[in-house]
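1. Next come a sequence and a model predicted from it.
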Amino acid sequence: MKKIIYSALLFGSIYFISCRNQNEVKNEPITKTENTKDSSFVVINQKIKNDIANPTLYIERAKLYANRQDIPSALADVDRAIKLDSLKPEYYILKADYLLFQKKIAEVKEVLNTSLRLNPNNAETNLKLAEVSMFLRDNKQALEYINHVLKADAYNFQAYYMKGIIFMENEDTLKAISSLQTAIEQNPDYYDAYIQLGVLFANKRNPLAKQYYLNALKLKPNSIEAMYNLGMYCQENNLFNEAIEFYNQILIIDQHNALAYFNLGYLHLVQLHLLPEAVKYFSKAIEARSNYYEAYYNRGYAYELMKDWLNAETNYRQALSIQPDYTLAAEGLGRVLEKK
């Protein structure tokens, strides 16, 4: 049986442990040549020189370092800030973010537990520990941290969001929807909650999915994630013209988006039966991602339908050169070789 591949939903990952800004994080004078020429570092170094005991200045410089992906230097500055003021939970949480960036989970937990001992009811620390527990697949522990936050603050939208994510992972859709909707009630501008609700309703083929994605897009008008999710929802529910429109919107923002080209190729191949157009879009997808073996396969299949056996064979062979165990391409190659 012939099969065409179309891309699955690749957004909406339920894990969100990362530096709040992956590009955010010594109180030694900066010796690196590039930093001495950076006006931001020149300014902050002078401020530190004039006020050497001010912890907020080291936090400011830590974030500059992290913007440059210099996490060791960022951590060194956060440690200096903590030595000057050991009672600020936000300093420990920032340090935890940077350690997470380095995937030092044991150290992350140690830092956050230190913060928690200083202030057991700090919501941000408890939620960060919940994130770490979720990362470690200990959802029971994560819920304990989250519920501790909600006991003190029944309106904490982040806590409800995280509960929703846990329920999603546990495949408890009703509770997940309830928690995520509560998060939106507390914060109507919560983009991530709209996206996750869209995912849940899309899985049920419920038209509400489209509205949740549109609400997310209103909050972030240039969100490729929201546009792609909308395109996939429309594609899977026979709203092909709308799907094409959303994929084209993505390409206005990112003209090298391989997924958008791929799905446009799929729609023109399978739904619209415009084979030359399908070939064009799959070719664009391959230009954007040279190892896109699924695009080679679909382009090969389009050529096969056009009875262009040579190009079909070439594309199937290329897909197999990238992914040698790709059964669909092997089957396609076998079909065209029989017809040559």
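-> Yep, that arrived. Numbers count the residues shown, from 1 in each chain.

2. And residue 125, how close does it get to residue 86?
-> To residue 86, residue 125 is 14 Å away according to C-beta to C-beta, to the nearest Å. From N, CA and C alone the C-beta is placed, and that goes for glycine too.

3. go on, residue 115?
-> Distance, residue 115 to residue 86, using C-beta to C-beta: 10 Å.

4. So between the two, which is more surrounded?
-> Taking other C-beta atoms under 10 Å, residue 115 and residue 86 do not tie; residue 115 has more neighbours (27 against 13).

5. May I have the phi/psi pair for residue 268?
-> phi -70, psi -30 (degrees, to the nearest 10).

6. what's around it, how many residues?
-> If we define neighbours as other C-beta under 10 Å, then residue 268 has 22 of them.

7. Number the chain from 34, please
-> Noted, 34 is the first residue going forward, which turns the last one into residue 301.

8. could you give me the average pLDDT of whichever strand or helix holds residue 258?
-> Using DSSP states H and E, residue 258 falls within helix 257-269. The average pLDDT within helix 257-269 is 98.

9. List the buried residues of it.
-> Neighbour-count burial for helix 257-269, with 16 or more other C-beta atoms under 10 Å as criterion, is recorded at 257, 258, 259, 260, 261, 262, 263, 264, 265, 266, 267, 268.

10. average pLDDT for the helix or strand following that helix?
-> As assigned by DSSP H and E, the chain's next helix or strand after helix 257-269 is helix 273-286. Mean per-residue pLDDT for helix 273-286: 98.

11. Then stretch 219-235?
-> Across stretch 219-235, the average pLDDT comes to 98.

12. which other residues reach it?
-> 42, 44-45, 47, 49, 188-190, 193-194, 197-198, 201, 206, 209-210, 213-214, 216-217, 240-243, 245-246, 248-249, 252-253, 256, 258-259, 262, 265-266, 269 (C-beta atoms under 8 Å, 6 or more residues apart in numbering).

13. could you flag which of those are buried?
-> Buried among the contacts of stretch 219-235 (16+ other C-beta under 10 Å): 44-45, 189-190, 193-194, 197-198, 201, 209-210, 213, 216-217, 242-243, 245-246, 248-249, 256, 258-259, 262, 265-266.

14. on that earlier part again, mind checking which of the contacts of stretch 219-235 land in helices?
-> 190, 193-194, 197-198, 201, 206, 209-210, 213-214, 216-217, 241-243, 245-246, 248-249, 252, 258-259, 262, 265-266, 269 (DSSP state H).

15. Tell me where the model's unsure across this protein.
-> For the chain, applying pLDDT under 70 flags the ranges 34-70.

16. how about a cut-off of 80?
-> 34-71, 373 (pLDDT under 80).

17. quick one on the thing from earlier: can you work out which other helices and strands pack against the helix holding residue 258?
-> When contacts are defined as 3 or more C-beta pairs under 8 Å, 6 or more residues apart in numbering; DSSP states H and E, helix 257-269 packs onto helix 224-236, helix 241-252, helix 273-286, helix 291-299.

18. deepest of the ones you listed, which one?
-> helix 291-299 (a mean of 25; mean count of other C-beta atoms under 10 Å).

19. Show residues contacting that one.
-> 37-40, 43, 261, 264-265, 268, 276-277, 280-281, 283-284, 287, 311-315, 317-318, 321-322, 325, 327-328, 331-332, 335.
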